[in-house]
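J.: Please work out how this folds:
(one chain, ligands or ions: 2)
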Amino acid sequence: MQDCIFCKIVQKEIPGKVVYEDDQVLAFHDINPVAPVHVLLIPKQHIPTHFDITAEDTKLIGHLHLVASRIAEQLDLGEKGFRLVSNCKEYGGQLVFHLHFHLLGGRHLKWPPG
Ligand code: AMP
Ligand code: ZN
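T.: Numbering: from 1, shown residues only. Ligands and ions are numbered 1, 2, ... in the order given. Okay, the predicted model is just below:
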């Protein structure tokens with residue numbers, strides 16, 4: 001989609017520090033990390049928010065979660081664990097309107113979030 005920064009990373013129009021890629025999913029380091037590990041996982045297809053996920057996307061979303069735990073293992077988060085979060089719309093704090101999941105790890109994260 002035009003003017004979507006994450007679509008541009010998918011299309012390699014702007015650079016991303018990619019940690020994983022297949023035909024459906026891309027994962028890359030967040031440009032402004034808030035934890036020692038901060039990777040973003042996105043579907044390659046442009047889905048703006050959780051509300052735009054359709055029944056046809058359920059396999060894709062499941063696949064993305066499987067990829068998340070594989071990446072977490074590769075980045076040495078297997079023992080201590082990690083957090084996988086997604087911000088949805090204004091109150092969720094969503095800034096980029098291309099569905100994404102933050103994979104956070106490498107430090108003890110607080111709960112509840114602010
Ligand atoms: P959210 O608030 O959930 O929409 O988070 C968007 C995330 O995208 C933020 O953590 C940003 O630091 C990150 N971000 C924005 N632009 C880029 C970029 N070009 N490359 C990597 N991460 C980015
Ligand atoms: Zn997009």
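
J.: chain center to the helix ranked longest in the chain, what's the gap?
T.: Counting by DSSP state H, the longest helix found in the chain is helix 58-74. Distance, stretch centre to chain centre, for helix 58-74: 10 Å (CA atoms, centre = their mean, to the nearest Å).

J.: got the residues of the chain near ligand 2?
T.: M1, C4, F6, C7, H46, H98 (CB under 5 Å from the ion). For the C-beta atoms, the positions are set from N, CA and C on the backbone; glycine is no exception.

J.: if we can go back for a sec, which residues sit against the longest helix of the chain?
T.: For helix 58-74, contacts defined as CB atoms under 8 Å, 6 or more residues apart in numbering pick out 19-20, 22, 24-25, 27, 39, 41, 43, 45, 53, 78, 82, 84, 101, 103, 105.

J.: If any of those are buried, put those into a ChimeraX selection.
T.: For anyone working in ChimeraX, the buried entries among those, judged by 16 or more other CB atoms under 10 Å, can be selected with:
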select :19,25,27,39,41,43,82,84,101,103,105
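
J.: Out of the contacts of helix 58-74, which sit inside strands?
T.: Secondary structure of these is defined by DSSP state E; positions in strands are V19, Y20, V25, A27, V39, L41, P43, F82, L84, F101, L103, G105.

J.: Farthest pair within those?
T.: Between all members of these, the longest pairwise span (CB to CB) is found for P43 and G105 and amounts to 21.2 Å.

J.: Tell me the buried residues in the longest helix of the chain?
T.: Within helix 58-74, the residues scored as buried using 16+ other CB under 10 Å are L60, L64, V67, A68, I71, A72.

J.: Make TSV from those residues and add pLDDT to it.
T.: Converted to TSV, these look like this (pLDDT from 0 to 100):
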residue	pLDDT
L60	98
L64	98
V67	98
A68	98
I71	98
A72	98
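
J.: would you turn these into a markdown table with distance to G93?
T.: Supplementary listing: these in a markdown table, determined by distance: CB to CB, whole Å:
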| residue | distance to G93 |
| --- | --- |
| L60 | 23 |
| L64 | 20 |
| V67 | 23 |
| A68 | 19 |
| I71 | 22 |
| A72 | 22 |
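
J.: ok, how many other residues are close to the spatially closest residue to G92 that is not a sequence neighbour?
T.: Closest residue to G92 apart from its sequence neighbours, by CB to CB, 6 or more residues apart in numbering: S86 at 7.7 Å. If you count neighbours by other CB atoms under 10 Å, S86 ends up with 14.
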